[in-house]
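> sequence and predicted structure below; questions after.
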Amino acid sequence: MNAESTVFRASRPAVVVAPGGEGARAAAWLLAWPMRLAASPLGRRLLAAVALGVVLVATVGYLYDSPDPAAAAGGFRPAGLAVETPATPAADRQSAAAPARKGPPAGPSEVAAAWFAARQKVAVDKVRSLQQRRISATETQVLVMAEATGSRMPSQYVTVRKGPSGWKVP
């Protein structure tokens, strides 16, 4: 914008209001305020910052309002919970000669939960694995918590090591 521009500064009075009182004058001043602010370099920067802020707030609000796709939500599984697979008719028709196969080998969270349940003398379904911390390729620490009697909820880090036969608590 050059110095001779008259877009924001007119040569005649900015607002001509029909006869009225202080209210009409105040309304005219309030309506002309953004244009007077835009006449200065600092005012233009302030207006640009306000406009950018409004756009960013609207964008973030839209992103938080829109739900996640169902496929992404189905992939999330808290630690310690097994993946449920739908029963198939072929599994129901297994013969007595064919032994039932076990599911996938137990992971570190399931092993730590079973060990902690035996130590606290509670059922395995009363123990939850809260988080895992990988120490090395063959060693993991698992934070487990048990719902014991009353309001007791003991928790402990359990170190689990992977050996040739699977995960074990040393």
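Right, received. Where do you want to start? Numbers count the residues shown, from 1 in each chain.
> all contacts plus neighbour counts: C-alpha atoms, from now on.
Will do.
> list the buried ones in the host helix or strand of residue 51?
When secondary structure is defined by DSSP states H and E, residue 51 falls within helix 41-65. For helix 41-65, burial by neighbour count (16 or more other CA atoms under 10 Å) applies to residue 44.
> by contact count, what packs against it?
helix 22-38 (3 or more CA pairs under 8 Å, 6 or more residues apart in numbering; DSSP states H and E).
> below-threshold pLDDT in this structure: ranges please.
Segments of the chain classed as low confidence (criterion: pLDDT under 70) are 1-20, 68-105.
> how is it partitioned into domains?
22-65, 107-168 (automatic domain parsing).
> tell me the most buried of those?
The highest average neighbour count among the domains of the chain, using mean count of other CA atoms under 10 Å, belongs to domain 107-168 at a mean of 17.
> can you tell me how far residue 124 is from residue 137?
For residue 124, the distance to residue 137 equals 26 Å [CA to CA, to the nearest Å].
> again but with residue 55, I slipped
Where residue 137 is concerned, residue 55 sits at a distance of 46 Å (CA to CA).
> show me where this protein has strands.
Using DSSP state E, the strands found in the chain span residues 127-134, 139-146, 155-163, 166-168.
> what lines up beside the shortest one in the sheet?
Which is strand 166-168. For strand 166-168, the paired strands and their directions (DSSP bridges) are strand 155-163 (antiparallel).
> what's the angle between the partner strand and strand 127-134?
60 degrees (axes from the mean of the first three to the mean of the last three CA atoms, to 10 degrees).
> who touches strand 155-163?
Strand 155-163 is contacted by residues 108, 111-112, 116, 138-146, 167-170 when judged by CA atoms under 8 Å, 6 or more residues apart in numbering.
> what comes into contact with the helix holding residue 51?
Contacts of helix 41-65 (CA under 8 Å, 6+ apart): 37, 38.
> still on that earlier bit, now the strands of the chain in a markdown table, with distance to residue 36?
Below are these laid out as a markdown table (distance: least, CA to CA, whole Å):
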| stretch | distance to residue 36 |
| --- | --- |
| strand 127-134 | 58 |
| strand 139-146 | 62 |
| strand 155-163 | 64 |
| strand 166-168 | 73 |
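> let me know which of these is the nearest to residue 25.
Among those, the nearest to residue 25 by CA to CA is strand 127-134 (65.3 Å).
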